[in-house]
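Q: structure for the following, please:
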Amino acid sequence: MRVIPKVRSIKISEKGIIKRADIEFKDGLNIILGRGATGKTTVIKAFEEAIDDSPENIKVELLSGRKLEDMPSKERCMLPIEGVAFSNRCFLMDGEFGGLSSEQLNKALKLLAKTDNQVIATLRDRHFKLPQINVNVINTADFELRD
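A: Sure, this is the predicted structure:
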């Protein structure tokens, strides 16, 4: 799990399996939902790469309106520290739900939906019903994948 400041959007092109994806996030719980090998982990890795390197094929806009590609590298490297130190937290979670039963998963999602933090988490589509919570679901079926 990695902590960064809250995120408004990410645009990815030609990274991993993703040919193109434009994703909008909301404050609170955001679930990237999809089958295996459909780009869920690629999105999380794109955030990490954007903070570390600022590549041209990944564009990230923070909830504050700042764009990562416009920030000097010295300022970008402070983002994880800002995410931890201030209440402007976004937790990137990839694979943390894999071993949970449906009941445990529903309980975990309900807890995460109540936090004041932003959470962007991947979840493999296991054909279960999401609990009645406020959640922004990003379906990998909306991504344009490479052939």
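
Q: grab the most central residue of this protein for me.
A: Nearest residue to the geometric centre of the chain (C-alpha atoms, centre = their mean): Ile120, 3.6 Å.

Q: which elements pack onto the helix or strand hosting that one?
A: Using DSSP states H and E, Ile120 maps to strand 118-124. Judged by 3 or more C-beta pairs under 8 Å, 6 or more residues apart in numbering; DSSP states H and E, strand 118-124 is in contact with strand 29-34, helix 40-52, strand 89-93, helix 102-113. Glycine gets a C-beta too; all of them are placed from N, C-alpha and C.

Q: circling back: and the residue nearest to the centre of the chain, what does it touch?
A: 7, 25, 30, 32, 43-44, 47, 90-93 (C-beta atoms under 8 Å, 6 or more residues apart in numbering).

Q: Asp70: which of these is nearest?
A: Relative to Asp70, the closest of those is Val7; by C-beta to C-beta it sits at 14.9 Å.

Q: what's the closest of the helices and strands packed on strand 118-124 to Ile17?
A: helix 40-52 (5.9 Å).

Q: looking at the protein, which helix or strand does the model trust least?
A: The weakest-scoring helix or strand in the chain, judged by mean pLDDT, DSSP states H and E, is helix 79-85 (a mean of 73).

Q: which residues touch that helix?
A: Applying C-beta under 8 Å, 6+ apart, the external contacts of helix 79-85 come out as 2-5, 51, 68, 88-90.

Q: quick check: buried residues in the longest strand seen in the chain?
A: Longest strand of the chain, by residue count under DSSP state E: strand 7-15. Neighbour-count burial for strand 7-15, with 16 or more other C-beta atoms under 10 Å as criterion, is recorded at 7-8, 10, 12-13, 15.

Q: can you pick out the most distant pair from those residues?
A: Across these, the longest distance by C-beta to C-beta is 19.0 Å; it joins Arg8 and Lys15.
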